[in-house]
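**Q** Predicted structure and sequence below. I'll ask about it afterward.
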Amino acid sequence: MNSTLDLAYLFEHAPCGLVTTQTDGTILRANATFCGWLGYSLDEIVDKRKIQGLFTIGGRFFHHTHWAPLLQLQGSVSEVQIDIKAKNGSVLPMLINGSRHQQGEIRFDQLAFFLATERKNYERELITARKSVEESLASLRTTQEKLQESRDMLGIALRSARMGVWSQNLIADQIWWSPELQQLTGHSDNEYWESSQAFYQIIHPDDRSQFIAEIEKAIESKSDYNVQFRIQHKNDCWLTMETRGHATYTDEDQALSIVGIIMDISDRKAAEEQLNALNQQLSIADRRKDEFLATLGHELRNPLAPICNVLEIMRAKETDDTFMHWSRDMIERHVSQLTHLVDDLLEASRISQGRLSLRTEPINIDDAVQNAVESVQDLMKSSEHNLTVNKPQHPIIIDADATRITQIIVNLLTNAGKYTPKGGDILLNVFKQENQAIVSVKDTGIGIPAEQLTNVFNMFSQLTPALDRAQGGLGIGLSLVHGLVKLHGGNIVALSDGENQGSEFIVSLPIVTNPQEALPKGERAEDGQKDPNIANHLRILIIEDNVDAAESLSFLLEFNGHTTRVAYDGASGLSAAEEFRPNVVLLDIGLPDLNGYQVAGKIRETSWGKDIFLIAATGWGQDKDKALAQGAGFDRHLVKPIDYSELTALLSIAVLTTAND
Amino acid sequence: MWRYLTPSFKQRFKVVLFDLVGSGRSDLSAYDFKKYASLQGYAEDLIEIIDAVSDQPVIFIGHSVSATIGLLASVTAPDKFRCQIMVGPSPCYINDGEYIGGFTRDDVEELCDTIDSNYLGWSSTMAPAIMGSPEKPELGEELTNSFCRTDPEIAKHFARVTFLSDHRDALALSHTPTLILQCSDDFIAPCTVGQYMKRAMPKAEICIIDNVGHCPHLSAPDASTQAIENYLKNY
């Protein structure tokens, strides 16, 4: 065997690429294996190409920065991984070992190339695997960071809401408290809460059983629990807590644990209590105000009674004295106005006390309008206002208290007159709109500033402006109108374009949807059917501590043909009754010794007193008083100051009653 | 990296060597991807280093991308530079019209991909290289530290910032006396680049060193030293 031949063969067909280059990389020799891998013929590369020229750009960089300097410095490189571009453009990963040699003056490099496709693939997989691990780790880290962040946020939220989280492992009877809860209660030492017994120990004894029961109930019924309890802070003070949560269960419905939040509601509780106390004070104050107004009305009414009586007598005694005429008319006007004001005040306070009840029935609103217009006729005339009334063409039936509807319209018209300069126009429109009866009172008066529009219906709303306005008032009239409209289930709004632009009040009242069934009643049987003459011969006992009121009334009744007696207190009233045996007793409730109810009771107890017609006279005029009066045996009830015509009407009933006997 | 040159200059100069942040023995955690998204970030570091080591203008010697960093610093703070030696510099690696940077944009993309996919190969080749030179282990270690960027993300980022940079505009703005050490056969910074720079810079001289490769200070240390010494005679 020729060893020279064998060596040449071995060189050409070695299982690796073998290349010899000059130190600048110029290829001097290359074996067949190398040429075969790359697809070049020997002629194409020897002396023509530098080895780095066959590398990819990355490979050339590596050659430049690592390979060449290393070869220069240490004379060899090994296992350098570089990609080579084959002639057809495909890229072959190679592992290269190289060494620098010198023979005489000639320096050259010998390079061995190994195909590293598998290794490269493997490395690529490794890189991919590493990347994916790195990405997973990064994502895990991000998730953990986010989780921590939300935990921190939750912690902040819990702390600032003074909340904490707790859970109880029902199997192991172990309780866990979140750090927030430990902070809240000061119990960072778990001996005070880790077992349920320890936990219950710091719950207030009065709340303990309820706490346990509520939790058990929630477990039982698989529902949420919500229980308030007090817990003892480490510093011994009590915190009021509220806890909410529910139980968790196994698939077999065995309760596993309780989870929930506990929040410190001590502040809320304290605030609630404070608010309650304030509310109570406020409602007491409000009630006192209402009582004050009612008392005020009563006190104002008393002196009005005798004045009214005297005026009534004066009217009966015709005189030619023009001065007397003039004085009487003037006093009458003012007394009437004063009475009206006091009535409004009393009724407004009655509404705010919820003590006013309506006597509703289907009525034609036109009648109320008619009455109202009549009663303001004189006022309109004297203030030179031009009142225009537009009434509906067809009857509008509403379910209402006729007196009150008249009162509403009168008050609105009076109000318009009050705030409209002399000679101004007042327009009353009544019409139907959908299922509402609309009453609109429009004037050309001083108007209402926009900011006042909303509270114009509040009592006392006029108080401040009244100081600088001659026509000022307490605002009772509008407040009363508002209250009455509301009682009727209606609504009222005030409109005005501003100062001196006039104003308009629009009342809407629900109409009766089926008027066929609810036609207004005709005249009521009890009204004005009696012969007034019959009522002129009664024996009437007046028991009243206000001497003026009693005497003036007595005088008036005698003037009209009755026989009267007067007593100024309960005891003398009783003896007077026994002696006088009256048909009618007009009995004041507020007497100095016995009160009117007691006197009435005593009269009823006697043999002679059973059939006496007893009339209570009170300044209160409230439903409660009426009920009391009825309970004490009174037949009827009158509000002071006594309206003489009302009294006359009652007396005619008394005549009927006594006549029946 | 500079071991062949430092002995000659240590006698007469205070020599300060440093690794760019993100490479060699620098603190990798200081690598701020935003700051080092342009070479200006490194130029700021260089100015800080100069301030820290000298109150006089300095001679700055930078290799390759570091030469460009020096160029940017000399534009920003001309007073801090007595002169600069640019070893194998290139203000722009990508061909642009008549400008021959030596690479097409595709080449650069391929290179960056290679760095990405071949990271394992590039870093692991160093270990056998060291073993191949048992008589000079410290040399291998030095090369490893100089060449290997231990963090692949930084390596990738750095390669992109470097090879996609174009600082040709800065050349005319640098009035610092400059020596360009150009290798006769440098694949990374071809002669056309050196000539372009000489023309563009107001105070530049060029010295071509007969050398294949990008690292004349390693492969032709004597010629490199000689060229620098000659130049420094005037400064």
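**A** Arrived safely, thanks for sending. Since the structure is predicted, the reported quantities are computational estimates derived from the model, not experimental observations.
**Q** after whatever helix or strand A:V369 lives in comes which helix or strand?
**A** Assigned by DSSP states H and E, A:V369 falls within helix A:365-382. Helices and strands here follow DSSP H and E; after helix A:365-382, the next one along the chain is strand A:386-390.
**Q** in that following strand, what counts as buried?
**A** A:L387 (16 or more other CB atoms under 10 Å in any protein chain shown). Placement of C-beta: from N, CA and C, glycine included.
**Q** relative orientation of it and helix A:365-382 in degrees?
**A** Interaxial angle, strand A:386-390 versus helix A:365-382 (axes from the mean of the first three to the mean of the last three CA atoms, to 10 degrees): 170 degrees.
**Q** Which single residue of chain B ends up nearest chain A?
**A** Residue nearest to chain A within chain B: B:T114 (2.7 Å; CB to the nearest CB).
**Q** hang on, that residue packs against A:T56?
**A** Yes: the criterion here is CB atoms under 8 Å, and B:T114 meets it with A:T56 at 6.5 Å.
**Q** Show me the common contact partners of the two, please.
**A** The overlap between the contact sets of B:T114 and A:T56 (CB atoms under 8 Å, 6 or more residues apart in numbering or on different chains) consists of A:D83.
**Q** In space, what's closest to the residue of chain B closest to chain A - neighbours in sequence excluded?
**A** Excluding the flanking residues, the one nearest B:T114 by CB to CB, 6 or more residues apart in numbering or on different chains is A:G58, at 2.7 Å.
**Q** re the thing from before, and for the helix holding A:V369, what are the contacting residues?
**A** When contacts are defined by CB under 8 Å, 6+ apart, helix A:365-382 is touched by residues A:387, A:389, A:391-392, A:395-398, A:400, A:402, A:405-406, A:409-410, A:413-414, A:417, A:426, A:428, A:430, A:437, A:439, A:509, A:520.
**Q** Restricted to helices, list those.
**A** A:402, A:405-406, A:409-410, A:413-414, A:417 (DSSP state H).
**Q** contacting residues for B:D106?
**A** B:D106 touches nothing, counting by CB under 8 Å, 6+ apart.
**Q** in what helix or strand does it lie?
**A** Using DSSP H and E, B:D106 falls within helix B:105-117.
**Q** for the record, mean pLDDT for that helix?
**A** Mean pLDDT, taken over the full extent of helix B:105-117, equals 79.
**Q** Send me the helix or strand harbouring the residue nearest to B:T114 as CSV with only the CA atoms.
**A** Secondary structure assignment for A:G58, by DSSP H and E: helix A:57-62. Provided in CSV are the C-alpha atoms of helix A:57-62 (Å, rounded to 0.1, in the frame of the first residue of the first chain):
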residue,chain,number,x,y,z
ILE,A,57,-21.7,38.9,8.0
GLY,A,58,-22.0,37.8,11.6
GLY,A,59,-19.3,35.2,11.0
ARG,A,60,-17.1,37.9,9.4
PHE,A,61,-17.5,40.1,12.4
PHE,A,62,-16.6,37.3,14.7
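**Q** what's that helix in contact with?
**A** Residues contacting helix A:57-62 (CB under 8 Å, 6+ apart): A:52-53, A:55, A:80, A:82-84, B:103, B:107-108, B:110-111, B:113-115, B:118, B:122, B:187-188.
**Q** Emit the PyMOL select command for whichever of the residues you listed are buried.
**A** Selecting the buried subset of the contacts of helix A:57-62 in PyMOL, with 16+ other CB under 10 Å as the burial test, is done by:
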select buried, (chain A and resi 52+55+80+82+83+84) or (chain B and resi 103+107+108+110+111+114+115+118+122+187+188)
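**Q** if we can go back for a sec, which one (most neighbours) among the ones in helices among the contacts of helix A:365-382?
**A** A:I405 (28 neighbours; other CB atoms under 10 Å in any protein chain shown).
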